[in-house]
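Trainee: Have a look at this fold, sequence not included:
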């Protein structure tokens, strides 16, 4: 009897069959990895020609993330600055109101006008606000953010009183003259009330206070969020409060009630001139609005880019599971067919 030779492992058909089984097994392993990771490939090479789309989208996402990180950091600082400026504006408004109040010449037990005591308290409060820090940076220090922009109020008042006493042309009984002297004392480039390392506007030409700190929030777009204690909006507040505080109202040769009332009115008029802290708040508020708009743009763009990345790198779990099941069925059928052929002989065939 002539037998049909068993299926030879080295035969051409067997080699092809073995290669096919190996390929299907590898394809199955790849599908299993995709189901586990949710990604089409573990590396960019496995994405084929679409890897360029993925790489470009990821580069743009990284750029947007950088802008968003800047916005997040800047948002906290900007909100803190706006809140501080609003407090300074309230101090100014309260000072103008009390300076014009009919009861402004009510005096305490030492003969000092109550409005003067309030002015001193408000001056100390204003100095504290102008020395506010956010993290490691002083909010009102301009470019010199590591330097406190205003000296302690005690040092300022001592220096101011000494300067008045040293100038024979200054009369503490002259409301207009006293206010003018204090205004000069608080000059924007003066070191009498600012530390030596403070950021000053200079003269060639002066840098706008807002431009002393800028944040890049988008391609070709930055916002100006700086502030300086020596800009007019804040300096005028300090001048008015200091003038009301330094006036001599207790000695026999000091200001009379009428003279102090005149000083208070001079101060109210002086502090009503622009710029005022509210003008700075408007500038910073506009910058905050621009930053919010940029944030919304970045979020929308990032969502689209992430969709592009997921379209290239991601998979459909349902489709992949169906493909895996189909492949497993084919693989099982191939194994069974191969096993049957390997046992085939003429007797079995007949």
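Mentor: On my side now, so go ahead. In this text the structure is predicted, and so the values were computed from the model without any measurement.
Trainee: Quick check, central residue of this structure?
Mentor: The residue lying closest to the centre of the chain (Cα atoms, centre = their mean) is residue 74, at 1.2 Å.
Trainee: can you give me how far stretch 265-275 is from the chain middle?
Mentor: From the chain centre to the centre of stretch 265-275 is a distance of 33 Å (Cα atoms, centre = their mean, to the nearest Å).
Trainee: cool, and stretch 124-135?
Mentor: Here stretch 124-135 is found 19 Å from its chain centre; the criterion is Cα atoms, centre = their mean.
Trainee: Mind listing what's buried along it?
Mentor: 124, 126-127, 129-132 (16 or more other Cβ atoms under 10 Å). The way it works is simple: take the backbone N, C-alpha and C, and place the C-beta from them, glycine included.
Trainee: Show the end-to-end separation of that stretch, please.
Mentor: From its first residue to its last, stretch 124-135 covers 22 Å (Cα to Cα, to the nearest Å).
Trainee: From the rest of the structure, what touches that stretch?
Mentor: Under the contact criterion Cβ atoms under 8 Å, 6 or more residues apart in numbering, stretch 124-135 has outside partners 76-77, 80-81, 84, 87-88, 91, 138-140, 148-150, 152-153, 156, 229, 234, 237-238, 241.
Trainee: which ones among those residues are found in helices?
Mentor: Secondary structure from DSSP state H places 76-77, 80-81, 84, 87-88, 91, 153, 156, 234, 237-238, 241 of the contacts of stretch 124-135 in helices.
Trainee: The closest residue to residue 182 other than its chain neighbours: how many residues sit nearby?
Mentor: Take residue 182 and drop its neighbours on the chain: the residue closest to it by Cβ to Cβ, 6 or more residues apart in numbering is residue 243, 4.3 Å away. Using other Cβ atoms under 10 Å, residue 243 has 27 neighbouring residues.
Trainee: Please tell me how far residue 243 sits from residue 183.
Mentor: As defined by Cβ to Cβ, to the nearest Å, residue 243 lies at a distance of 8 Å from residue 183.
Trainee: Residue 289: which of the ones in helices among the contacts of stretch 124-135 is nearest?
Mentor: Among these, residue 81 lies closest to residue 289 (Cβ to Cβ), at 14.4 Å.
Trainee: would you say residue 196 is within a strand?
Mentor: No: assigned with DSSP: H, G, I helix; E, B strand; the rest coil, residue 196 falls outside any strand and is coil.
Trainee: Look up the residues forming beta bridges with the nearest residue in space to residue 145 that is not next to it in sequence.
Mentor: Of all residues not flanking residue 145 in the chain, residue 137 sits nearest, at 4.0 Å (Cβ to Cβ, 6+ apart). Taking DSSP bridges as the rule, residue 137 bridges to residue 134.
Trainee: surely residue 173 meets residue 259?
Mentor: Yes: at 5.8 Å, residue 173 and residue 259 qualify as touching, with contact defined as Cβ atoms under 8 Å.
Trainee: Could I get the full set of helices for this protein?
Mentor: Using DSSP H, the helices of the chain run over residues 12-37, 51-100, 114-130, 153-166, 175-185, 232-246, 257-271, 277-313, 317-342, 346-349.
Trainee: lowest-confidence stretch among these?
Mentor: For those, mean pLDDT drops lowest on helix 346-349, to a mean of 46.
Trainee: picking that back up, ok, the residue nearest to residue 145 - how many residues close by?
Mentor: Counted with other Cβ under 10 Å, the neighbours of residue 137 add up to 14.
Trainee: For residue 209, see how far away residue 288 is.
Mentor: The value you get for residue 288 to residue 209, if Cβ to Cβ is used, is 16 Å.
Trainee: hmm, I was thinking of residue 154
Mentor: Remark: distance between residue 154 and residue 209 (Cβ to Cβ) = 26 Å.
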